[in-house]
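Asker: Curious how this folds, go ahead:
(2 chains)
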Protein chains: 2
Amino acid sequence: MSIEHTVVFRLVHEPGSAEEQEFLATARETLTGIPGVEGFAVLRQVSPKSALTHQFRMTFADAAAYDAYNAHPAHVGFVEGRWVPEVAEFQEYDFLA
Amino acid sequence: MSIEHTVVFRLVHEPGSAEEQEFLATARETLTGIPGVEGFAVLRQVSPKSALTHQFRMTFADAAAYDAYNAHPAHVGFVEGRWVPEVAEFQEYDFLA
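Answerer: Numbering: from 1, shown residues only, chains lettered A, B, ... in the order given. Purely as a prediction, here's the structure:
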């Protein structure tokens, strides 16, 4: 059964800044290059009921593909090098149809 | 621009209970009957990084359709009669592509 992995987040950068755009572009380039990542999307979160501003969304064919993504050096490197220093707050959710 | 309206939530009912199933079925029947609601889906939230267990997801063609849904008597009645007493915790997010 496929798994939709999502994370809603807010960056430390100013909305609309060059730093924000660079982060989003690098995330897309890095994460879509990891095997098993399907349907990667970046969405804006606009409900005033949450302070979070963006969502990354991707689908994995199964739990093995998801596990391989989590352990992949490109993912681990992105989390350590970019996510931790540049994301102010976030919440993960994974969905099954 | 279309808006994806989502709410992630946890019920007061036992997971897998008849009460849970009845709530989800009634929500689907009630909310999909409201004009403007497109692509209604019920998903299970399975990440251990959140205590929430389900998501409702729907799309509106524009802000006017979303506003009309919020104000529709069937939506207001569902929130007052079922959502408030039966939902333990929830978080709304709205996404733009």
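Asker: need the residues of chain A near chain B, please.
Answerer: Chain A has residues A:3-5, A:8, A:41, A:43-47, A:49-50, A:52, A:55, A:91-97 near chain B, with proximity defined as CB under 8 Å from any CB of the partner chain. Every C-beta, even on glycine, is put in place using the N, C-alpha and C of the backbone.
Asker: For the longest helix seen in chain A, output the C-alpha coordinates as CSV.
Answerer: In chain A, taking DSSP state H as the definition, the longest helix is helix A:18-32. What follows is helix A:18-32, C-alpha atoms only, in CSV (Å, rounded to 0.1, in the frame of the first residue of the first chain):
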residue,chain,number,x,y,z
ALA,A,18,15.7,34.7,-2.0
GLU,A,19,16.8,32.4,0.9
GLU,A,20,13.3,30.8,1.0
GLN,A,21,13.3,30.3,-2.8
GLU,A,22,16.8,28.8,-2.7
PHE,A,23,15.9,26.4,0.2
LEU,A,24,12.7,25.2,-1.7
ALA,A,25,14.6,24.7,-5.0
THR,A,26,17.5,22.8,-3.3
ALA,A,27,15.0,20.6,-1.4
ARG,A,28,13.2,19.8,-4.6
GLU,A,29,16.4,19.0,-6.5
THR,A,30,17.9,16.9,-3.6
LEU,A,31,14.8,15.0,-2.6
THR,A,32,13.5,14.2,-6.0
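Asker: and the helix or strand just after that helix, what's its mean pLDDT?
Answerer: Once the chain leaves helix A:18-32, the next helix or strand it forms, by DSSP states H and E, is strand A:38-45. Predicted confidence along strand A:38-45 averages 98 (mean pLDDT).
Asker: Can you tell me the strand partners of strand A:38-45 and which way each runs?
Answerer: The strands that strand A:38-45 pairs with in its sheet are strand A:54-60 (antiparallel), strand B:87-96 (antiparallel) (by DSSP bridges).
Asker: so which of the ones you listed is the most packed in?
Answerer: Highest mean neighbour count of the strands paired with strand A:38-45: strand A:54-60, a mean of 20 (counted as mean count of other CB atoms under 10 Å in any protein chain shown).
Asker: what residues does that strand touch?
Answerer: Identification of contacts with strand A:54-60 by CB atoms under 8 Å, 6 or more residues apart in numbering or on different chains yields A:2-11, A:24, A:27, A:31, A:36-45, A:66, A:69, B:93, B:95.
Asker: now the residue positioned nearest the centre of chain A: how far from chain B?
Answerer: When CA atoms, centre = their mean is applied to chain A, the residue found nearest the centroid is A:Phe56 (3.8 Å). Distance of A:Phe56 to chain B, given as CB to the nearest CB, to the nearest Å: 11 Å.
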